[in-house]
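[1] Any chance you can model this:
(2 chains)
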Amino acid sequence: MRSLLLALVSLFAFGDPGADGRGSRSLAASRARGTVDTLHVVLRYDAGTVTVGAAATPLLYDAKASFDANQQRISRSFNPVSRTLRVGLDSSTMQASAKRSNRSRSAEGRLDLGLATGIPLDLDLDLGTTRARIDLSTLWVDAIRLSSGATEADVTFGSANPQPMRDLFVDAGVGSITIHQLGNARAQRATIASTVGSVDLDLSGNWTGDMPITLRVALASATLRVPRDVGIAMRLSHRIANIDSDGFTERDGVMYSTGYEQAKRHVLIDGSATLASVDVVWKD
Amino acid sequence: MRGALRLALVVGIGTIATHELSAQTKTDSAATRDPILASLDSLHRDANGLSLERAAIAQGARAVGSTEHLSGDVASWHGPLEIRGTVDGNAVSIGGDVVLFPGGHVRGDALSVGGQVRMTGGTVDGEMRSISAFSVGPIAGVRLTPQQATRRSLSLAIACYLILVAMAVAVVVGARTHLETIASTIRNDFSRSFAFGLLGEIVALPLFVLSMVALAITVVGILLIPFAAVAYALAVLGALDLGFLAMSLLAGEALLRNDESAPASRPIITHLITGLSVFLVLWLLAGGAAFLGLAGSVLRLLAFLSTWIAATVGLGATIITRAGTRTALSAPPVAPPTRTEEYAWQTPTPVSGVAAARRPTPAARPSEP
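    Numbering: from 1, shown residues only, chains lettered A, B, ... in the order given. The predicted structure is shown next:
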């Protein structure tokens, strides 16, 4: 038995070369805006912390990242012809085992991405298991597609979009996504989906007219925080779902909030809820 | 047997140490290459680097004057690169800063490795980029070197061993009779245990899927699916673990039975740990021989097969005995006839006389004539 213990101690004494911290890397990349008038951003990031916000004025983008080179590669590329910035994990050098390893060490990497103000942005954000803080205040977002696996995301539209957003698509996956002042997005079409996770939508902001929202939740919870002056029309196909309908009246399969006809702004919600709960919280 | 175990461990550790030494020697020889060429190679292979000609790089600090106009790339190695003029290509500093002064203009990218790109009035048409160091080595989990693979295998084997030892202690404290029942079943009915274990492994997944589908059909049962899935996985893992520990117990008993220097009665935990150590030695040898090519593969196959057979037989016995709560049905325990019953017919007849008795004879089996 003593021999066995000695052998175990000897084997552990060899150590792990990957555990010495030599893999720590940082990357800072930025580009002057020049004559670029639109920007398509493809962000793929599935481990660590991500922030997205506004870059300093003369810059088209400003990315700062820290990562463990023993576990992942972060790279960026910009195509001046298609005006596309790709940033995030370099999947071409990674195989499935490394990606799994990344997901299990989600706290290691960090990416801070700043984007140009004053030009329309088309954002394609694919986040895996991350903590994301996306502050789109002062940015002109023409379209955003945000997909996450088990991300804890916080999205803020701090000021009104200069032009209405063509498309807003958010898939919370099994994570949780909170969207602040969604009304400022002025989205012509918004789709919010969640499976097992949770979404918290704050519909306040500077917007007028109708805001159509497609809501698809399954085994999940959705909370809608709606200003008092907004009328809600809700048509959700639901199965074993708990929909907070206090103060709503149903006509032709559509539930209308009290004073819907008198309201100057309307939220039109359709979609489905399966084994889910949908709560409406009125805010002053 | 203990001597053999000790010898195997010493050989394994010695082989690994030799391999570590040879790997270190290879690394030292690689460092004797031209360091600038090595840096350019890394710069080319780095996802955030770029390609640069050897002729563009100068050792130490370098400056581009305000009246200069370079048509290609410019680079410095272990020194700052200061630009006051125009560079049509890329400006790179490896181990230093790239500094753009007023009037400086880079039409390509400005890149610093181990330093920073500092703008004090110049312009860069391309990207300004700073990386702290090259990222060109293999990513863990993608392509492991033999010594990394060896370390990983050995660490895994030792970790599994320690976990199993902890479980063994828990089982001995809390479910000793169950463990002994399973071990007894394996001892008495090895082939049947193996058959049941194999069957259990085959039907485990379909049974799981069927259970989940059945729950989903009931709609209300959907809510139970996550709990049922976890419970099922725990049950299967528990059965496998209990069975494997029972097999380890038997292996330990078999080993220690031949050890004449040992005391006659040992605690059951000693048998268990000895049995588990047998499997550990197998996996240590298999892991330590990762760089032996075919021989290493054969050792790994042997380790896998022996472990799989042990786990399968143990699982089968666990199923047969319902986790050690019942004895095996095929071999019901028969109480051995007591000495009194066996020789009762020989008792001398008292003077007062007794009813005649017959010597008990075993009942004839139906297959016998």
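[2] which parts of the host helix or strand of residue B:318 are buried?
    With secondary structure defined by DSSP states H and E, residue B:318 is part of helix B:294-320. Across helix B:294-320, burial judged by 16 or more other CB atoms under 10 Å in any protein chain shown covers B:296, B:299-300, B:303, B:306-307, B:310-320. C-betas here are computed from N, CA, C, even on glycine.
[3] okay, now residue B:173: neighbour count?
    Applying the criterion other CB atoms under 10 Å in any protein chain shown, we find 9 residues in the vicinity of residue B:173.
[4] same question, residue B:35
    Residue B:35: 13 surrounding residues under other CB under 10 Å.
[5] same question, residue A:115
    24.
[6] I'd like the distance between it and chain B.
    15 Å (CB to the nearest CB, to the nearest Å).
[7] got a pLDDT number for that residue?
    Reported pLDDT at residue A:115 in the predicted model: 97.
[8] What's the separation between it and residue A:139?
    6 Å (CB to CB, to the nearest Å).
[9] other SSEs contacting the helix holding residue B:318?
    On a contact count with 3 or more CB pairs under 8 Å, 6 or more residues apart in numbering or on different chains; DSSP states H and E, helix B:294-320 meets helix B:176-188, helix B:190-217, helix B:225-257, helix B:268-288.
[10] The third one and chain A in contact?
    No - contact check for helix B:225-257 against chain A, using CB under 8 Å from any CB of the partner chain: none in range, with a minimum separation of 9.4 Å.
[11] per-residue pLDDT, residue B:15?
    Looking at residue B:15, its pLDDT stands at 49.
[12] average pLDDT for stretch B:38-58?
    In this model, stretch B:38-58 has an average pLDDT of 89.
[13] can you list the residues that contact it?
    Under the contact criterion CB atoms under 8 Å, 6 or more residues apart in numbering or on different chains, stretch B:38-58 has outside partners A:27, A:29, A:73-76, A:90, A:93, B:36-37, B:72-77, B:79, B:89-90, B:92, B:94, B:109, B:111, B:113, B:129, B:131, B:134-136.
[14] Mind checking which of these are in strands?
    Assignment to strands by DSSP state E places the following of the contacts of stretch B:38-58 there: A:27, A:29, A:74-76, B:74-77, B:92, B:94, B:111, B:113, B:129, B:131.
[15] Quick one, which of the contacts of stretch B:38-58 are buried?
    When the contacts of stretch B:38-58 are checked against 16+ other CB under 10 Å, the ones flagged as buried are A:27, A:29, A:73-76, A:90, A:93, B:36, B:73-77, B:79, B:89-90, B:92, B:94, B:109, B:111, B:113, B:129, B:131, B:134-136.
[16] Now the stretch 151-284 of chain A against chain B: closest residue?
    Evaluated by CB to the nearest CB, the stretch 151-284 of chain A has residue A:275 as its residue closest to chain B, separated by 6.5 Å.
[17] Dig out what residue A:145 forms beta bridges with.
    For residue A:145, the beta-bridge assignment (DSSP bridges) gives partners residue A:124, residue A:169.
[18] I'd like the distance between it and chain B.
    In this structure, residue A:145 and chain B are separated by 24 Å, where distance is defined by CB to the nearest CB.
[19] Kindly report the same for residue A:36.
    When distances are taken as CB to the nearest CB, residue A:36 and chain B turn out to be 12 Å apart.
[20] For burial, what's the neighbour tally of that residue?
    Neighbour number of residue A:36 under other CB under 10 Å is 16.
[21] One more: residue B:191?
    By other CB under 10 Å, the residues close to residue B:191 number 9.
[22] what does residue A:184 give?
    For residue A:184, the count of nearby residues is 23 (other CB under 10 Å).
[23] my guess is it meets residue A:164, correct?
    No - counting by CB atoms under 8 Å, residue A:164 is not a contact partner of residue A:184; they are 11.0 Å apart.
[24] still on that earlier bit, for the helix holding residue B:318, what is the distance to the chain centroid?
    Mean-position distance between helix B:294-320 and its chain equals 15 Å (CA atoms, centre = their mean, to the nearest Å).
[25] what angle sits between that helix and helix B:225-257?
    Computed by axes from the mean of the first three to the mean of the last three CA atoms, to 10 degrees, the angle separating helix B:294-320 from helix B:225-257 equals 110 degrees.
[26] Is it correct that residue B:118 falls within a strand?
    Yes - assigned with DSSP: H, G, I helix; E, B strand; the rest coil, residue B:118 falls within a strand.
[27] Could you give the bridge partners of it?
    On DSSP bridges, the residues paired with residue B:118 through beta bridges are residue B:99.
[28] Count the neighbours of residue A:42 for me.
    For residue A:42, the count of nearby residues is 16 (other CB under 10 Å).
[29] Any figure for the gap between it and residue A:133?
    The separation that residue A:42 has from residue A:133, given CB to CB, amounts to 19 Å.
[30] cool, residue B:240 as well?
    Using CB to CB, which is the criterion applied here, residue B:240 is 44 Å from residue A:133.
[31] And for residue B:103?
    Residue B:103 sits 39 Å away from residue A:133, going by CB to CB.
[32] hmm, back to that, which one of residue B:240 and residue A:133 has more residues nearby?
    Summary of the neighbour comparison: residue B:240 and residue A:133, criterion other CB under 10 Å, with residue B:240 having more neighbours (19 against 16).
[33] so who does the more buried one touch?
    Counting by CB under 8 Å, 6+ apart, residue B:240 touches B:311, B:314-315, B:318.
[34] Reformat these as a markdown table; add distance to residue B:162 and pLDDT.
    As requested, the contacts of residue B:240 are arranged in a markdown table below (distance: CB to CB, whole Å; pLDDT from 0 to 100):
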| residue | distance to residue B:162 | pLDDT |
| --- | --- | --- |
| B:311 | 18 | 91 |
| B:314 | 19 | 91 |
| B:315 | 22 | 91 |
| B:318 | 22 | 90 |
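[35] hey, C-alpha coordinates of stretch B:295-311 in CSV?
    C-alpha atoms of stretch B:295-311 as CSV (Å, rounded to 0.1, in the frame of the first residue of the first chain):
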residue,chain,number,x,y,z
ALA,B,295,2.0,-2.3,-27.7
GLY,B,296,0.3,0.7,-26.0
SER,B,297,-2.9,0.1,-28.0
VAL,B,298,-2.9,-3.6,-26.9
LEU,B,299,-2.4,-2.6,-23.3
ARG,B,300,-5.2,-0.1,-23.5
LEU,B,301,-7.5,-2.7,-25.2
LEU,B,302,-6.7,-5.2,-22.4
ALA,B,303,-7.4,-2.6,-19.7
PHE,B,304,-10.6,-1.7,-21.4
LEU,B,305,-11.8,-5.3,-21.9
SER,B,306,-11.0,-6.3,-18.3
THR,B,307,-12.8,-3.3,-16.9
TRP,B,308,-15.7,-3.7,-19.2
ILE,B,309,-16.1,-7.4,-18.4
ALA,B,310,-15.9,-6.6,-14.7
ALA,B,311,-18.5,-3.8,-15.0
